[in-house]
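Engineer: Structure for this input, please:
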Amino acid sequence: MVDTVDIKTGYSCNNDCYHCVIADKRRELIKNGRKVDRSTEEVIHHINEATMEGAESIVLTGGEITIRGDFFQLVEYALSKGLTVIIQTNGKMFYYEEFAKRIASYDKVHLTVALHSPKPEVHDRITGSKNSFKQTTEGIRNLKKHGIGNRVGGKIVMSKMNYKDLPELIKLAHNLGLMSVNIAFPHAMGNAQLNFYDCVPKYSEIKNYILKTIRKSLELKMYIDFEAMPLCFLPGYETFASEFRLSEHTELRDLTHIDPNYTKTRKTKAKVKDPKCTRCKLYLLCEGCWDDYAEGYDTTELTPIPGQYIRDPRMLESFKIHPVPIYKKNINTVTSEKTPFQLK
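Structural biologist: Numbering: from 1, shown residues only. Take a look at the predicted model:
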């Protein structure tokens, strides 16, 4: 039985982000004369299979799912099956108020909206789309205006273009009314692979900015976590790693392949560690870094923290301010009116 099924509905998008991980797949399909989006019937088929597998929630993503003509049809069908629906989106379509009002009315729909810089010109350069900053930020405001509450969170992909601005970006997210933000280290696939040395920073470059961002989030009483950050680069804040909160069994249904247990693939194949990591007390808790990071740079930056192995994240000091798991697994947005951590 799976917890979550991640359904890629297609690769069409109204942005062209320079860190986009699926851009190469879209180009390859177009080159070979194949369609880049699933049909309505195909997506419904995958929703039905997710239901039969006992999934409690599904992720609907693209590309950009909100530009599909059947967007609301797919959402409503999934809801009719009793599923919680998590939508990953760039948020631009919610610039249109009626569009935002309609999606906000579904109380089992959660949104994760991509926001990549507090500077409009930098956000637009990252997304490759003029006026995308204005459309996304206004979209978030519309969602909040029409009562989505804490069912909308932010998604930041850090890169060389924005990592120095992360503390200010967290402040912007807070001012927009977001209570949670997931900050992901770039996975060097697609455009990120093509732009590797212009896009992907070294962990040693970003460490101090990550710590500043965490301190800013605590100051604002705002929930954040980090994806694909080795724990040695979150000193004193190890439980801010999002991997502690991910589903124990996620199934990935991409256009090009199906991974029946992406959680296992992520831990055993997609992530790597340095040989010296076996000497780290966090070895059993840490997933390491993306394998493509190790190929582009190396893993020598990973620094073992001496001590006996820690097997339970509840033994970490940061658990007191940022406990795991959060209220509801599988969802990167806050699902309770309560803040999911207690500040001293």
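
Engineer: so Y77 makes contact with H46?
Structural biologist: No: under the criterion of C-beta atoms under 8 Å, Y77 makes no contact with H46, lying 11.0 Å away. C-beta here means a position set from N, CA and C on the backbone, and glycine is covered the same way.

Engineer: Neighbour count: those two, which is higher?
Structural biologist: Between Y77 and H46, counting by other C-beta atoms under 10 Å, H46 is the more crowded of the two (21 against 17).

Engineer: which residue sits closest to S12, ignoring its sequence neighbours?
Structural biologist: Of all residues not flanking S12 in the chain, G63 sits nearest, at 4.9 Å (C-beta to C-beta, 6 or more residues apart in numbering).

Engineer: and that neighbour, how many neighbours?
Structural biologist: Taking other C-beta under 10 Å as the criterion, the count of residues near G63 is 25.

Engineer: For it, grab phi and psi.
Structural biologist: Backbone dihedrals for G63, given as degrees, to the nearest 10, come out at phi 40, psi -150.

Engineer: Against F196, how distant is it?
Structural biologist: From G63 over to F196 the distance is 22 Å, taken as C-beta to C-beta, to the nearest Å.

Engineer: now swap in R266 and tell me
Structural biologist: 20 Å.

Engineer: V109 too?
Structural biologist: Applying C-beta to C-beta, one obtains 35 Å for the distance of V109 from F196.

Engineer: quick one, which of those two is more surrounded?
Structural biologist: When V109 and F196 are compared for neighbours, V109 comes out ahead with 20 against 16, by other C-beta under 10 Å.

Engineer: Tell me the bridge partners for the more buried one.
Structural biologist: According to DSSP bridges, the partner residues bridging V109 are V85.

Engineer: Now do the contacts for it.
Structural biologist: Taking C-beta atoms under 8 Å, 6 or more residues apart in numbering, we find V109 in contact with V75, L79, T84, V85, I86, I87, I103, R151.

Engineer: I figured the third one hits L60, correct?
Structural biologist: No: the pair T84 and L60 does not pass the contact test of C-beta under 8 Å, sitting 11.1 Å apart.

Engineer: Between the two, which is the more surrounded one?
Structural biologist: Neighbours around T84 and L60, counted as other C-beta under 10 Å, are more numerous at L60. The numbers are 26 against 21.

Engineer: Phi first, then psi, for that one.
Structural biologist: The phi and psi values for L60, taken as degrees, to the nearest 10, are phi -110, psi 120.

Engineer: beta partners of it?
Structural biologist: In this entry, L60 is beta-bridged to I7, I87, by DSSP bridges.

Engineer: Tell me the spacing between it and V75.
Structural biologist: Looking at L60 against V75, where the rule is C-beta to C-beta, the gap reads 7 Å.

Engineer: residues bridging contact with the two, i.e. touching both?
Structural biologist: By the contact definition C-beta under 8 Å, 6+ apart, L60 and V75 are jointly contacted by V85, I87.
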